[in-house]
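Engineer: Predicted model and sequence follow; I will ask about them next.
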Amino acid sequence: MQVIENNLKKISLSDSKDLIYKSNTLARSKYDITLIQARFIAFLSSFVDKDDEDFFTYQIQIKPVLDFLEIDRTNLKYLSNTLKQLQTTLICIQDDDEAEAYATFLSFFKLDKKNELLEFRFDSSLKKHYVQLKNNFTTLEIANYKKFESVFTIKIYEFIKSNFQLYKKYENSLFREFIIDTDEFRNKIASKLNKGKFEVPKSYLLYKNFKSNVLEVARKELLEKSDIYFEYEEIKTNRAVKELKITIIQNAQSIKKEFLKKKNELLKSSTKHKQIAQEQIKRLMSRNKEKIKEPLKYEQKLFRMFLNGTLIYDKDLQLIIDELDAKIFADIGKK
């Protein structure tokens, strides 16, 4: 339960959302952090409400933080060092080709070991990328950050998710299948901070190393563990891979999950679904009228079965339901 006092928002694990919201620009930014740090920022971000007007200073028990990061409760020094690094680690946010902005993730933290509390505040320059989000933002699943074992997977996940959000918004296939300069993509995903400047490590300047240690690691992890993944084709000039044609694909399991969610929403609002259900309920009431002692309760029970998707239809009505479901599934598959 959230409690707000003097701009301090006291939060608990139950206040964490399944989703993280951040601007597309931030999702495509450059940063040099470890896997644990990336998971940490994702966890903290899950408490920010995109409809808030400003950041708060957030206060949470230390235990759920350690549990999410899978850090031993006695290792608070490691947690403290991670927080210190996130106060100084630079993010390069590029709004367009002309302007680059630099920020840090956190502007403040307090580790209260006696009361086992953590207070933290995001850097104010990130405000427009986390709160008051109306358009052009990316929705990310917090559970994925615990599954991924490479920070490159996280970076590419955020990058392709931002593209996929744009594809869904504008229904423009160029966001789902696009060509990107290999050097540009490598610079965005694999750059490390060196003397205040983001540079690609020498080992990744060799394409075969970038392919095996970054692209393939991320592609396989996303395919296995995420709601979304990508495939790519190499476009060569004089035998050198100059460009990558990237295709973003929604995982079948994710489509099924979205389909069931959409169907459940429609069960409560779709006139067609309700009409078919009412016809089925009418038939069942007629067939069983001799056995029904309390018709109203029986009808209510059947309607609840309709709402939770367990109502069994006659063959002719099931055919109509199947056609409606096929249309829902097809519409989701296009997204």
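Structural biologist: It's in. Residues are numbered from 1 along each chain as shown.

Engineer: Run through the residues that contact L317.
Structural biologist: Taking Cβ atoms under 8 Å, 6 or more residues apart in numbering as the criterion, L317 is in contact with I276, E279, Q280. For the C-beta atoms, the positions are set from N, CA and C on the backbone; glycine is no exception.

Engineer: Now name the helix or strand holding the second one.
Structural biologist: Under the criterion DSSP states H and E, the helix or strand holding E279 is helix 271-287.

Engineer: got a list of contacts for that helix?
Structural biologist: Under the criterion Cβ under 8 Å, 6+ apart, residues 266-267, 292, 295, 298-299, 302-303, 306, 311, 313-314, 317, 320-321, 324 lie in contact with helix 271-287.

Engineer: rerun that using 7 Å as the cut-off
Structural biologist: Residues from elsewhere that reach helix 271-287, judged by Cβ atoms under 7 Å, 6 or more residues apart in numbering: 266-267, 292, 295, 299, 302-303, 306, 311, 313-314, 317, 320-321, 324.

Engineer: Mind listing what's buried along it?
Structural biologist: Neighbour-count burial for helix 271-287, with 16 or more other Cβ atoms under 10 Å as criterion, is recorded at H273, K274, I276, A277, Q280, I281, L284.

Engineer: now the third one: how far from K282?
Structural biologist: Separation of I276 from K282 (Cβ to Cβ, to the nearest Å): 11 Å.

Engineer: Could you identify the most distant pair in the buried residues of helix 271-287?
Structural biologist: Considering Cβ to Cβ, no two members of the buried residues of helix 271-287 lie farther apart than H273 and L284, which are separated by 16.4 Å.

Engineer: quick one: contacts for the most centrally placed residue in the chain?
Structural biologist: With distances taken as Cα atoms, centre = their mean, L140 lies nearest the centre of the chain, 1.2 Å away. Each residue near L140 by Cβ under 7 Å, 6+ apart is listed here: L19, I20, E158, K161.

Engineer: pLDDT wise, what is the second one at?
Structural biologist: We have a pLDDT of 94 for I20.

Engineer: Residues contacting the helix or strand hosting it, please?
Structural biologist: Secondary structure here is read from DSSP H and E; on that basis I20 sits in strand 19-23. Defining contact as Cβ under 7 Å, 6+ apart, one finds that strand 19-23 is touched by 42, 45-46, 50, 128-130, 133, 136-142.

Engineer: let's go with 6 Å and repeat that
Structural biologist: Around strand 19-23, the neighbours that count as contacts under Cβ atoms under 6 Å, 6 or more residues apart in numbering are A42, S45, S46, K50, H129, Y130, L133, F137, T138, T139, L140, I142.

Engineer: Once you drop chain neighbours, what's closest to K192?
Structural biologist: What sits nearest to K192 in space, not counting adjacent residues and going by Cβ to Cβ, 6 or more residues apart in numbering, is D32, at 5.0 Å.

Engineer: For that neighbour, what are phi and psi?
Structural biologist: Note on D32: its backbone torsions stand at phi -120, psi 90 [degrees, to the nearest 10].

Engineer: For it, the count of nearby residues, please.
Structural biologist: Look at D32: counted by other Cβ atoms under 10 Å, it has 17 neighbours.

Engineer: Kindly report the same for N209.
Structural biologist: With neighbours defined by other Cβ under 10 Å, the count for N209 comes to 14.

Engineer: Go ahead and confirm it touches S203.
Structural biologist: Yes. With contacts counted by Cβ atoms under 6 Å, N209 reaches S203, the gap being 5.2 Å.

Engineer: low-scoring stretches of this structure, by residue?
Structural biologist: Counting by pLDDT under 70, the chain shows low-confidence ranges at 1-6, 96-98, 169-170, 172, 174, 252-270, 328-335.

Engineer: mind giving me the domain ranges of it?
Structural biologist: Dividing the chain into domains by automatic domain parsing, as the record does, gives the ranges 1-145, 148-250, 254-334.

Engineer: ok, how many other residues are close to the closest residue to F152 other than its chain neighbours?
Structural biologist: Nearest in space to F152, with sequence neighbours left out and distances taken as Cβ to Cβ, 6+ apart, is V214 at 4.7 Å. As a burial measure, the neighbour count of V214 was computed by other Cβ under 10 Å and equals 21.

Engineer: Same question for E233.
Structural biologist: Burial measure for E233: 13 neighbouring residues, criterion other Cβ under 10 Å.

Engineer: Same question for T247.
Structural biologist: Other residues near T247 number 14, with proximity taken as other Cβ under 10 Å.

Engineer: Please apply the same query to S162.
Structural biologist: Around S162 there are 23 other residues, counting by other Cβ under 10 Å.

Engineer: Work out for me the element it sits within.
Structural biologist: When secondary structure is defined using DSSP H and E, the element that contains S162 is helix 151-170.

Engineer: Just the CA atoms of that helix, as CSV, please.
Structural biologist: The C-alpha atoms that make up helix 151-170 are tabulated as CSV, following Å, rounded to 0.1, in the frame of the first residue of the first chain:
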residue,chain,number,x,y,z
VAL,A,151,22.9,-7.2,-20.3
PHE,A,152,23.1,-7.2,-24.1
THR,A,153,19.8,-9.1,-24.2
ILE,A,154,18.2,-6.5,-22.0
LYS,A,155,19.5,-3.7,-24.3
ILE,A,156,18.2,-5.4,-27.4
TYR,A,157,14.9,-6.3,-25.7
GLU,A,158,14.3,-2.6,-24.9
PHE,A,159,15.4,-1.5,-28.4
ILE,A,160,13.1,-3.9,-30.3
LYS,A,161,10.2,-3.4,-27.9
SER,A,162,10.3,0.3,-28.6
ASN,A,163,10.2,-0.4,-32.3
PHE,A,164,7.4,-2.8,-31.9
GLN,A,165,5.4,-0.3,-29.9
LEU,A,166,5.8,2.2,-32.8
TYR,A,167,4.7,-0.5,-35.2
LYS,A,168,1.6,-1.2,-33.2
LYS,A,169,0.8,2.5,-32.9
TYR,A,170,1.3,3.6,-36.5
